[in-house]
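Participant: next come a sequence and a model predicted from it.
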Amino acid sequence: MAVSDTSPVRVRIAPSPTGFAHLGTASTTLYNVLFARANAGTFALRIDDTDVERNREEYERLIYEALQWLGFEWDEGPDKGGPYGPYRQSERLDLYREAAARLIAESNAYRCFCTPEELDAERKQALAEHRPYVYSRRCLTNPPAGRTVFTVRFHVPGGEVKFTDMVRGEMTFDSDLFGDFIIIKSDGYPTYNFASPVDDAAMHITHVIRGEEHLPNTPYQLLVIDALGFMRPQAFAHMPLILAPDGGKLSKRKHPEANLVLYREQGYLPEAMVNYLALLGWNPGTEREIFTLDELIAEFSFDRVQHGGARFDRKKLDWIDGEYIRALDDDDLTTRLAAFLPELDEATIKRAAPALKTRMRTLGEAKTLLEYLWTDPLPPELSPEDRQRVKAAAVALSLVQHWDPAPIHDVLMPVVEASGLGPNATFMPIRLAVTGKKISPPIDYTLALLPKDVAMARITRSIQ
RNA sequence: GGCCCCGUCGUCUAGUGGCCUAGGACGCAGCCCUCUCAAGGCUGAGAUCGCGGGUUCGAAUCCCGCCGGGGCUACCA
């Protein structure tokens, strides 16, 4: 999707380092990247770390790692610098203080000395009287004397706030319903609804693309920008939320599956993840489901994004991931599998690749399929009939010169025919002897992946 | 409670007044293929389009009301 406008497109994501990297962050990043690339724009990463209590430095690193894993690259950020740095809000405190001071000087903001307890009482009373809560403005008209701890509140002027949302169209909010909100906390740090618009303006952000939970915040932020005389972003895009299977918002606390690194650890392919995320809340208008990032950049448009939240469906992700795995060539699959199969050398993994390909939905599943290669299964209890057939197979197998699937297959088929039964009668007991499992790739592959002597030893052992 | 967003198969969705006896995908079931498991092919079950009123010759599509879900309502972001 491309928009034509004079100023170059600049977008940003602004995650908070308050926990593991979240699926929602990946989703928001994806849409920002799609829009930026389609418009030859700039994509910036800003760290919104104004919550002193919850921020942790390692969480910032987690965000970088997760986004890099997905193949997203930012043009500006704390680690890369850029013309509008610093890109960490904790390093931009002077900017917010100056802006707040100006707002106070111009009577667009004021100091508030109310204690959290007093505020809480106000809120509870409003609730008891079934009245919508807005701050009483006590400190605007009659501040209590002799107090030193204060916050700074924005003086909401009232009136309508309008803006363009690329997903939902023209939005209008009535700011008469807003209370005077806090812009500087008592610890001197700015609140989100203050720091975010100040930075968006300072960083010349042209399009704000973020999750739907920010839709009600937008008019507050616009009020701040207007009071400061800054330039507003041209447009916003509020993307549908990713919902948990129970229909609620995916939260870090309640839903460990919202953790991005989990998907890397389980062996999902990043491009499959991106593909699935794109389909959650957006559809191309065709029946196509598999898209590369470049194809998404070309196809994506905000007018085809859903307005309601979408539940995260692991089964569908699994299917897409399987599609991507099947499409990989053997070398690529081998390289990616290496980290999941530390017990095996690359040559072995590559030999197994063709047989593995149609049997995995995630790279992590390779382990179950191949662990017989480095573990020693218990010999199975075979019936006398099974033993007979396995014995015949063992004799035939011992003659095989080149221990490869094709020769193994050739030598086994006469044994099957001689048994007068179907292949399974011969192959299943061999499978059990060699892998300890009832499920494996075709028996010729299964045998060939093992060194001949090891395979023969397991077979022989089972018929003793 | 207030403000905002949303409401089509279990899930993600197509659908913008007649092409809809509502299409696709995942999942599910069955069959085929087959040495097991997958993959692949075919078939099927599954949505009175949240409910009730309108408007119209005709509504999933337009209007109103209700109900339901979600988000925000913090000195979190």
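Facilitator: Great, that's in hand. Numbering: from 1, shown residues only, chains lettered A, B, ... in the order given.
Participant: thought A:His409 was touching A:Tyr445?
Facilitator: No: taking contacts as C-beta atoms under 8 Å, A:His409 lies outside contact range of A:Tyr445: 9.2 Å. Glycine gets a C-beta too; all of them are placed from N, C-alpha and C.
Participant: all strands for chain A, in order.
Facilitator: Counting by DSSP state E, chain A has strands at residues A:10-13, A:42-45, A:109-112, A:151-154, A:160-165, A:169-174, A:182-184, A:207-211, A:235-239, A:242-243, A:310-311.
Participant: point out where chain A drops to low pLDDT.
Facilitator: A:1-6 (pLDDT under 70).
Participant: try 50
Facilitator: A:1-4 (pLDDT under 50).
Participant: before we move on, back to that, let's have the strands of chain A in CSV, adding mean neighbour count.
Facilitator: Below are the strands of chain A laid out as CSV (neighbours: other C-beta atoms under 10 Å):
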stretch, mean neighbour count
strand A:10-13, 26
strand A:42-45, 24
strand A:109-112, 21
strand A:151-154, 23
strand A:160-165, 15
strand A:169-174, 12
strand A:182-184, 24
strand A:207-211, 23
strand A:235-239, 23
strand A:242-243, 20
strand A:310-311, 16
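Participant: so which bits of the stretch 51-200 of chain A are right by RNA strand B?
Facilitator: For the stretch 51-200 of chain A, the contact set with RNA strand B under C-beta under 7 Å from any atom of the strand comprises A:51, A:54, A:114-116, A:119, A:123, A:127, A:130-133, A:149, A:151, A:168, A:171, A:173-174, A:177, A:182, A:185-187, A:189, A:191-193, A:196.
Participant: same question but for the stretch 351-464 of chain A, I mixed them up
Facilitator: Applying C-beta under 7 Å from any atom of the strand, we find that the stretch 351-464 of chain A lies next to RNA strand B at A:358-359, A:409, A:422-424, A:427-428, A:431, A:438-445.
Participant: only the buried subset of these, as a ChimeraX command please.
Facilitator: To isolate the buried members of those in ChimeraX, using 16 or more other C-beta atoms under 10 Å:
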select /A:359,427,428,431,440,441,443,444,445
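Participant: take the residues of the stretch 351-464 of chain A next to RNA strand B and keep only those in helices.
Facilitator: A:His409, A:Pro423, A:Asn424, A:Phe427, A:Met428, A:Arg431, A:Ile443, A:Asp444, A:Tyr445 (DSSP state H).
Participant: looking at the residues you listed, which is nearest A:Ala272?
Facilitator: Distance to A:Ala272, by C-beta to C-beta, is smallest for A:Tyr445 among those, at 25.0 Å.
Participant: coming back round to it: mind checking which of the strands of chain A is nearest A:Tyr96?
Facilitator: strand A:182-184 (7.0 Å).
Participant: next one: the closest one to chain centre, how far?
Facilitator: 31 Å (C-alpha atoms, centre = their mean, to the nearest Å).
Participant: and the gap between A:Leu34 and RNA strand B?
Facilitator: As judged by C-beta to the nearest atom of the strand, to the nearest Å, A:Leu34 and RNA strand B stand 16 Å apart.
Participant: A:Thr28 versus that residue, what's the distance?
Facilitator: According to C-beta to C-beta, to the nearest Å, A:Leu34 stands 11 Å off from A:Thr28.
Participant: now do the contacts for the nearest residue to A:Pro83 once chain neighbours are set aside.
Facilitator: Closest residue to A:Pro83 apart from its sequence neighbours, by C-beta to C-beta, 6 or more residues apart in numbering: A:Glu76 at 7.4 Å. Residues in contact with A:Glu76, defined by C-beta atoms under 8 Å, 6 or more residues apart in numbering, are A:Thr42, A:Phe43, A:Ala44, A:Leu45, A:Gly82, A:Pro83, A:Tyr84, A:Gly85, A:Tyr87.
Participant: try 10 Å
Facilitator: A:10, A:12, A:42-46, A:82-85, A:87, A:203 (C-beta atoms under 10 Å, 6 or more residues apart in numbering).
Participant: identify the residue of the stretch 1-150 of chain A closest to RNA strand B, quick one.
Facilitator: Ranked by C-beta to the nearest atom of the strand, the top residue of the stretch 1-150 of chain A for proximity to RNA strand B is A:Asp48, at 3.0 Å.
Participant: for that residue, the count of nearby residues, please.
Facilitator: A:Asp48: 20 surrounding residues under other C-beta atoms under 10 Å.
Participant: quick one: it and A:Ser196 touch, right?
Facilitator: Yes: when contacts are counted by C-beta atoms under 10 Å, A:Asp48 is listed as touching A:Ser196 (6.8 Å).
Participant: list residues touching both of those two?
Facilitator: A:Ala14, A:Gln89, A:Pro190.
Participant: the second one is in contact with A:Ala195, isn't it?
Facilitator: Okay, so that is A:Gln89. Yes: applying C-beta under 10 Å as the test, A:Gln89 and A:Ala195 come out as touching, 5.2 Å apart.
Participant: where do the contact lists of those two overlap?
Facilitator: Common neighbours of A:Gln89 and A:Ala195, using C-beta under 10 Å, 6+ apart, are A:Ala14, A:Arg46, A:Asp48, A:Asp49, A:Thr50, A:Leu95, A:Tyr96, A:Tyr189.
Participant: now do the helices in the stretch 151-300 of chain A.
Facilitator: A:192-202, A:218-228, A:260-265, A:270-279, A:293-299 (DSSP state H, counting those that start in this stretch).
Participant: A:Arg61: which of the ones you listed is closest?
Facilitator: It's helix A:260-265; of the helices of the stretch 151-300 of chain A, that one is closest to A:Arg61 (C-beta to C-beta) at 11.2 Å.
Participant: list the contacts of the closest one.
Facilitator: A:20-26, A:62-63, A:65-67, A:69-70, A:256-257, A:259, A:268-270, A:272-273, A:276, A:314, A:317, A:321, A:339-340, A:362-364.
Participant: buried members of those residues into ChimeraX, please.
Facilitator: Only the buried entries of the contacts of helix A:260-265 go into this ChimeraX selection, using 16+ other C-beta under 10 Å:
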select /A:20,21,22,23,24,25,26,62,63,66,67,69,70,259,268,269,270,272,273,276,317,321,340,362,363,364
